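> Sequence first, predicted coordinates after that:
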Amino acid sequence: MSRIGKLPIKVSKDINLQIEQNIIQISGKQGTLKLNIPKEIKINFKNNLIHIEKNENIKSTFEKYGLIRTLVNNMIMGVNKKFEKKLQMIGVGYKAHLNNKFLILNVGFSHPIKLLIPEDIEIIIETNTNIIVKSADKEKVGLFASKIRAIRKPEPYKGKGISYFNEIILRKNGKSSK
């Protein structure tokens, strides 16, 4: 049984919450997010607290119970303060810059890589090699950051590539002389 699903979620007064049929919409100062709720799950909103309840006692409902509570909590946190992921580029000549709605990366290929930035994601570039991905939607932040990282994953010998900030890269020894 989910222990996370039982916990109520506090909602501050500056957040607007609308529950219609199986859709919950949360609006705040950082944006608006929507989530489809499975019909086995019921959401109650009273006294600035959200309670998640199960309509049925079957295995699939128990699986979704804690997940829905966590997703709703992340939505509330996201519309208050945007989620962010930091990436760093390590390598000679590696740099990034913005051009309209494109993120352009020079990461050692013969051509620069262009990535289209989704509308609800904000990109900040610090010192040409540090990239910050921000959005109210935690899932979209993680997906876009992993898309950037997948272009040039860090290699284990010199550590060159694009990695998350404070990511530990296990290093290997190179050729050893006899």
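Perfect, thanks for sending it.
> low-confidence ranges in this structure?
By pLDDT under 70, the weakly predicted segments of the chain are 1-2, 177-178.
> top helix in it by residue count?
If you go by DSSP state H, the chain has its longest helix at helix 59-80.
> just checking, next helix/strand downstream of that one?
Next along the chain after helix 59-80, taking DSSP states H and E as the criterion, comes strand 83-90.
> Which neighbouring elements make contact with that following strand?
strand 130-135, helix 138-151, strand 161-164 (3 or more C-beta pairs under 8 Å, 6 or more residues apart in numbering; DSSP states H and E). The C-beta positions use only the backbone N, C-alpha and C, and glycine is treated the same way.
> any chance of those in TSV, plus mean neighbour count and distance to residue 3?
Shown next, in TSV, are the helices and strands packed on strand 83-90 (neighbours: other C-beta atoms under 10 Å; distance: least, C-beta to C-beta, whole Å):
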stretch	mean neighbour count	distance to residue 3
strand 130-135	20	29
helix 138-151	16	21
strand 161-164	20	29
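> How many residues are close by residue 123?
When neighbours are counted by other C-beta atoms under 10 Å, residue 123 registers 19.
> Make a markdown table out of the helices and strands packed on strand 83-90 and add distance to residue 113.
Shown next, in a markdown table, are these (distance: least, C-beta to C-beta, whole Å):
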| stretch | distance to residue 113 |
| --- | --- |
| strand 130-135 | 13 |
| helix 138-151 | 6 |
| strand 161-164 | 10 |
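> Determine which of the ones you listed approaches residue 101 most closely.
Among the helices and strands packed on strand 83-90, helix 138-151 comes nearest to residue 101, with 12.8 Å by C-beta to C-beta.
> Now residue 121. Nearest residue, chain neighbours left out?
The shortest distance from residue 121 to any non-neighbouring residue, by C-beta to C-beta, 6 or more residues apart in numbering, is to residue 135 (4.7 Å).
> Next: residue 28.
residue 79 (2.9 Å).
> shouldn't that neighbour be in contact with residue 34?
No - using C-beta atoms under 8 Å, residue 79 makes no contact with residue 34, being 11.3 Å away.
> out of the two, which sits in the more crowded spot?
More neighbours surround residue 79 than the other of residue 79 and residue 34, with 23 against 11 (other C-beta under 10 Å).
> Starting from residue 152, give me the distance back to the more buried one.
33 Å (C-beta to C-beta, to the nearest Å).
> Can you give me every residue that contacts residue 93?
Contact analysis of residue 93 by C-beta atoms under 8 Å, 6 or more residues apart in numbering lists 106, 108.
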